[in-house]
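[1] Just the structure for this:
(one chain, ligands or ions: 1)
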Amino acid sequence: MIDYQPFIQHITNTRLDHWVAPLSQQLDELWANLNDGNLPRMLKHWQSLPELALHEAVLADIVQLKGDTSREQHEQLHAALKGLMPWRKGPFDFFGIDIDSEWRCDLKWNRVSQHISSLVGRHVLDVGSGNGYYGWRMKAAGAATVAGIDPSWLSVVQHMAVNKYIQDASHTVLPFTLEGMTQNLEAFDTVFSMGVLYHRRSPLDHLFELRGALRPGGELVLETIVIDGEEGESLVPIGRYARMNNVWFLPSAPTLAQWLDKMGFVDIRIVDQSETTTQEQRHSQWKPGTSLADYLDPNDPTRTIEGHPAPIRATLIATKPENQRLKRYSLD
Ligand SMILES: Nc1ncnc2c1ncn2[C@@H]1O[C@H](C[S@+](CC[C@H]([NH3+])C(=O)[O-])CC(=O)[O-])[C@@H](O)[C@H]1O
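    The predicted structure is shown next:
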């Protein structure tokens with residue numbers, strides 16, 4: 001018998017009152033579907049995490065939870081964390097257990113964070129947060145609250161595993177999509193969307209929804225796969241892209257800037273464009289199976305295995321204007 005209470009508490013305990021209230025309908029749907037999918041199996045592993053006293057949490061390149069464990073507790077922790085595989089996002093260190101995740105998210109955070117406005121005291125929404133790795137970095141940078149949203153149950157439960165020890169109710173990961181959330185909340189000072197836009201069939205709607213979540217004057221941090229190209233160019237890869245069957249629009253960075261302008265953002269800046277490397281995304285014992293090296297053409301790493309341009313990721317920063325409703329364009 002699965003005890004859902006900790007999961008329910010994780011969600012209802014969040015100190016995000018300024019925006020959680022309008023979500024009551026989504027929460028009702030959530031409670032109705034708790035038995036679905038893999039959640040019960042994941043919660044079983046979560047429940048087997050040992051009780052441990054945290055001495056210190058170091059929220060840096062490796063998100064480190066420090067404290068003493070007995071040998072038995074160490075083994076119990078290791079087994080529970082293995083049960084919550086695959087760990088795509090990290091790295092984390094749980095009481096000496098090094099979770100070398102598929103992605104070195106510290107590399108992306110270091111590329112992105114140097115360009116954003118100070119997070120001190122800000123309410124942040126991280127769309128497609130994964131397990132909340134970036135949220136910990138945002139908290140360390142001074143964010144007042146961080147709400148991650150990600151439809152993957154595993155992301156939510158991995159976050160609960162970290163937060164079982166850190167116990168920070170101002171950082172949560174909730175199992176929602178952006179489009180499924182109440183629209184136009186205008187509740188957040190900074191909204192991140194990293195690695196999500198190319199998964200959306202309708203990327204302009206995604207930008208519109210991101211704009212709706214921001215308060216006027218708030219900042220959008222947008223990171224996505226792009227192609228090298230001119231303003232106006234974009235690629236809709238036919239078939240799979242790097243083995244993924246849910247990749248839709250890959251604009252050039254200047255095209256993405258145009259889209260942001262079209263959706264009413266201002267002060268639009270392309271702050272970074274970097275190739276994704278096999279140092280940043282690779283398989284590990286915590287995410288066995290294939291990874292980027294297997295998705296690239298072995299004879300030409302500038303191409304994916306399907307012959308598309310290999311992934312390059314751009315980061316753009318933009319502002320939602322203080323006083324402008326979308327006047328210039330009709331959205332119907
Ligand atoms: N509509 C949606 N709404 C919210 N989340 C979504 C949606 N669709 C997919 N996701 C979630 O977005 C995440 C995309 S990964 C980026 C993670 C992190 N941000 C990163 O930048 O490393 C891709 C990558 O690995 O780059 C997944 O966790 C999905 O479940």
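
[2] Contact residues of the stretch 1-150 of the chain facing the ligand?
    For the stretch 1-150 of the chain, the residues in contact with the ligand (C-beta under 6 Å from any ligand atom) are 89, 103, 105, 127, 128, 129, 130, 149, 150. Heads up, the C-betas are built off the backbone N, CA and C, glycines and all.

[3] Now, those that are in helices?
    Those of these mapping onto helices are residue 105, per DSSP state H.

[4] ok, and the most crowded of the residues of the stretch 1-150 of the chain next to the ligand?
    Tallying neighbours with other C-beta atoms under 10 Å puts residue 129 at the head of these, with 29 neighbours.

[5] how about the nearest residue to it, chain neighbours excluded?
    residue 148 (2.7 Å; C-beta to C-beta, 6 or more residues apart in numbering).

[6] just for the protein, where's the confidence low?
    Along the chain, the parts satisfying pLDDT under 70 run over 1-28, 36, 324-332.

[7] what sits against the residue nearest the centre of it?
    Centroid-nearest residue in the chain: residue 129, 2.0 Å away (criterion: C-alpha atoms, centre = their mean). Applying C-beta atoms under 8 Å, 6 or more residues apart in numbering, we find residue 129 in contact with 135, 148, 149, 150, 155, 159, 173, 192.

[8] what do you get for residue 271?
    If you count contacts by C-beta under 8 Å, 6+ apart, then residue 271 has 112, 115, 315, 316, 317 around it.

[9] Helices of the stretch 101-250 of the chain, start to end?
    Ranges of helices in the stretch 101-250 of the chain, per DSSP state H, counting those that start in this stretch, are 105-113, 133-140, 153-166, 203-213.

[10] I'd like the ones you listed written out as CSV, with distance to residue 285 added.
    Converted to CSV, the helices of the stretch 101-250 of the chain look like this (distance: least, C-beta to C-beta, whole Å):
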stretch, distance to residue 285
helix 105-113, 17
helix 133-140, 18
helix 153-166, 16
helix 203-213, 34
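
[11] now, of the ones you listed, which is deepest in the fold?
    helix 133-140 (a mean of 25; mean count of other C-beta atoms under 10 Å).

[12] How are the strands of the stretch 151-300 of the chain distributed by residue range?
    With DSSP state E, counting those that start in this stretch as the criterion, the stretch 151-300 of the chain has strands at 171-174, 188-194, 214-226, 234-235, 250-251, 266-275, 296-297, 300-304.

[13] which helices and strands does the first one pack with?
    The reference is to strand 171-174. The contact analysis (3 or more C-beta pairs under 8 Å, 6 or more residues apart in numbering; DSSP states H and E) places strand 171-174 against helix 5-12, helix 133-140, strand 145-149, helix 153-166.

[14] Next, report how far it is displaced from the centre of its chain.
    In terms of C-alpha atoms, centre = their mean, to the nearest Å, the centre of strand 171-174 is found 11 Å from the chain centre.

[15] what residues does it touch?
    Residues outside strand 171-174 that contact it (C-beta under 8 Å, 6+ apart) are 10-11, 14, 16, 129, 131-132, 135-136, 139, 145-150, 155-156, 159-160, 163.

[16] tally of neighbours for the residue nearest to residue 129?
    Residue 148 has 26 neighbouring residues, counting by other C-beta under 10 Å.

[17] Which strand residues bridge it?
    Beta-bridge pairing for residue 148 (DSSP bridges): residue 126, residue 173.

[18] That one touches residue 158, doesn't it?
    No. The criterion here is C-beta atoms under 8 Å, and residue 148 misses it with residue 158 at 10.9 Å.

[19] Quick check: neighbours shared by these two?
    residue 132.

[20] Looking at the stretch 201-332 of the chain, what residue ends up closest to the ligand?
    The stretch 201-332 of the chain approaches the ligand most closely through residue 223 (6.2 Å), counting by C-beta to the nearest ligand atom.

[21] Give the closest residue to that residue in space, chain neighbours not counted.
    Per C-beta to C-beta, 6+ apart, closest to residue 223 is residue 194, 4.0 Å.

[22] same question, residue 195
    That would be residue 128: by C-beta to C-beta, 6+ apart, it lies 5.9 Å from residue 195.

[23] before we move on, what about residue 191?
    Per C-beta to C-beta, 6+ apart, closest to residue 191 is residue 125, 4.7 Å.

[24] Now do the contacts for residue 270.
    Going by C-beta under 8 Å, 6+ apart, residue 270 touches 253, 254, 256, 257, 314, 315, 316.

[25] Report whether the fifth one is found in a helix, as I expect.
    No. Residue 314 is assigned strand when assessed by DSSP: H, G, I helix; E, B strand; the rest coil, not a helix.
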